[in-house]
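# model this:
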Amino acid sequence: MREAKAEAKQQEAEAAKKQQAEAKKQKADADKAAKKQQAEDAIAAKKQATEAAKAATAAKAGPMPRVPKRKAAQPESEHGNKKRK
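Modelled structure (predicted):
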């Protein structure tokens, strides 16, 4: 009789431990998923803010100004800096 009670208590304790471990695992998984979602939300918000800033800058600046091209460097002569004609 005592052995049966002791065995039942031991089984209850093991079941409680398993349940507690499962609950901890579920909580850890939920925390991990929440952190991942939070990181994804932060990335999305950053992208959205960047796009908004680009749009605002483009609207404010108007068309890009034309930048004149640099002239190609003249080849140097063999005997000095100036090329003779």
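# so which strand or helix has the most centrally placed residue in the chain?
Taking C-alpha atoms, centre = their mean as the criterion, residue 43 is the residue nearest the geometric centre of the chain, at 5.5 Å. Counting by DSSP states H and E, the element that carries residue 43 is helix 2-61.
# flag the shaky bits of the protein, pLDDT-wise.
61-64, 72-85 (pLDDT under 70).
# hmm, try it at 80
The chain contains residues with pLDDT under 80 at 1, 58-85.
# report the contact partners of residue 67.
Contact partners of residue 67, counting by C-beta atoms under 8 Å, 6 or more residues apart in numbering, are absent. All C-beta atoms are positioned from the backbone trio N, CA, C, and that covers glycine.
# tell me the SS of it?
coil (DSSP: H, G, I helix; E, B strand; the rest coil).
# cool, and the one 4 residues further on?
Here residue 71 is recorded as coil under three-state DSSP.
# what is the burial count for it?
Residue 71: 6 surrounding residues under other C-beta atoms under 10 Å.
# thinking again about what came up before, and the helix holding residue 43, how far from the chain's centre?
The chain centroid and the centroid of helix 2-61 are separated by 17 Å under C-alpha atoms, centre = their mean, to the nearest Å.
# change the start of the numbering to 330 and stick with it
Noted, 330 is the first residue going forward, which turns the last one into helix 331-390.
# could you check how far the residue nearest to the centre of the chain is from residue 378?
11 Å (C-beta to C-beta, to the nearest Å).
# any shared contact partners between these two?
Taking C-beta under 8 Å, 6+ apart as the contact rule, residue 372 and residue 378 have no neighbour in common.
# that older thread, residue contacts, the residue nearest to the centre of the chain?
By C-beta under 8 Å, 6+ apart, residue 372 has no neighbours at all.
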